[in-house]
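>>> Sequence isn't available, so here's the structure alone:
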């Protein structure tokens, strides 16, 4: 079959309209349609399918990263168990929110979350063993844990470049220890990570702020407020980006919660917050990451919520384009 990257994609083609098989593709995307821990607006479970549909209308040539598609990008089939775990957890979460101290309900929610984590970690580990790049496509941000854990196990001491409106360092939230608000706490508590660099954070609790200050440099957070002050004063954002990327070890995992962007770019995401990175500012980070010679060993994109407009929503379109550029940045030096 002759593939023409300049032609319109078929409606039944693979992600980004690509024809690659699993064996051919360098990049394997793991769909994780699970959003039971979302605390405000659900819908991120629809993210993987919406991103797939929107991805087929993206031009594949990239001015900065060239032709990422040539490495091959393959979207795995969605495991049907994920829908069952999501439904079960959603059912129990409704009860738990009325009784947060109920340990039996807490465990009833945490168990399907653990099953999802184990599935994602085993899947990502197999992808890494095959010499390929694992990409988790959520789902709420809690779904990223298994992919991060697999990468940290294979590359101990790796750094995490974390884009998010939230610090995600709560020990638990709404009675859930595996909440989307606890993903980075869980990663630091359970994985061998050398550095966590956070970008875009503008919404956190006092305990999270204390965790950052008391981390002895393990966590480096560039608060959105400080980013905006440099921008408004006419400072050099490129220098600031390079400064923070330089803090990362040579092997890097990129975790991108789409609410790290300005909410005009993702209006339906589960927990939107004013402020955040503009599109070109986010791209500056990816371009500088590629130039830094760091090795991206895994990544995720989470919290894409298509909303009522579904596959044609701005959230879906931005999510698909962001995913392609994340992959492009990862492959640039891999």
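Right, received. Where do you want to start? Bear in mind the structure is a predicted one, so any value in this text is a computation, not a measurement. Numbers count the residues shown, from 1 in each chain.
>>> Test my guess that residue 211 contacts residue 185.
Yes - using Cβ atoms under 8 Å, residue 211 is in contact with residue 185, at 7.5 Å. For glycine as for every other residue, the C-beta is placed from the backbone atoms N, C-alpha and C.
>>> residues bridging contact with the two, i.e. touching both?
Listed as contacting both residue 211 and residue 185 by Cβ atoms under 8 Å, 6 or more residues apart in numbering are residue 169.
>>> all strands for the stretch 101-250 of the chain, in order.
133-138, 158-163, 193-199, 219-222 (DSSP state E, counting those that start in this stretch).
>>> Between the ones you listed, which one is closest to residue 43.
Closest to residue 43 of the strands of the stretch 101-250 of the chain, according to Cβ to Cβ: strand 133-138, at 11.6 Å.
>>> Check what pLDDT the spatially most central residue of the chain gets.
Centroid-nearest residue in the chain: residue 301, 2.7 Å away (criterion: Cα atoms, centre = their mean). For residue 301, the model assigns a pLDDT of 98.
>>> Spit out the contact partners of it.
Under the criterion of Cβ under 8 Å, 6+ apart, the neighbours of residue 301 are 51, 135-138, 256, 258, 319, 322-323, 326.
>>> Can you tell me how far it is from residue 114?
Separation of residue 301 from residue 114 (Cβ to Cβ, to the nearest Å): 22 Å.
>>> same thing with residue 64?
39 Å.
>>> hmm, back to that, what's the closest of the contacts of residue 301 to residue 148?
Distances from residue 148 to those, taken by Cβ to Cβ, are shortest for residue 136, at 8.1 Å.
>>> Identify the residues contacting the closest one.
29-30, 32, 120, 124, 143-144, 146-147, 298-302.
>>> Which positions are bridged to it in the beta structure?
Residue 136 has these beta-bridge partners by DSSP bridges: residue 30, residue 300.
>>> which sections of the chain are below the confidence cut-off?
1, 333-334 (pLDDT under 70).
>>> starting at the chain centroid, how far to the longest helix anywhere in it?
Identified as the longest helix of the chain according to DSSP state H is helix 103-129. The chain centre lies 16 Å from the centre of helix 103-129; the measure is Cα atoms, centre = their mean, to the nearest Å.
>>> Residue 81: how many residues sit nearby?
Residue 81 has 12 neighbours, counted by other Cβ atoms under 10 Å.
>>> So which elements touch the helix or strand hosting it?
Using DSSP states H and E, residue 81 sits within helix 80-96. If contacts are counted by 3 or more Cβ pairs under 8 Å, 6 or more residues apart in numbering; DSSP states H and E, helix 80-96 sits against helix 103-129.
>>> Any buried residues in the helix it packs on, and which?
Of the residues in helix 103-129, 105-106, 108-110, 112-117, 119-121, 123-125, 127-128 count as buried by neighbour count, 16 or more other Cβ atoms under 10 Å.
>>> what angle separates it from strand 133-138?
Calculated by axes from the mean of the first three to the mean of the last three Cα atoms, to 10 degrees, helix 103-129 forms an angle of 150 degrees with strand 133-138.
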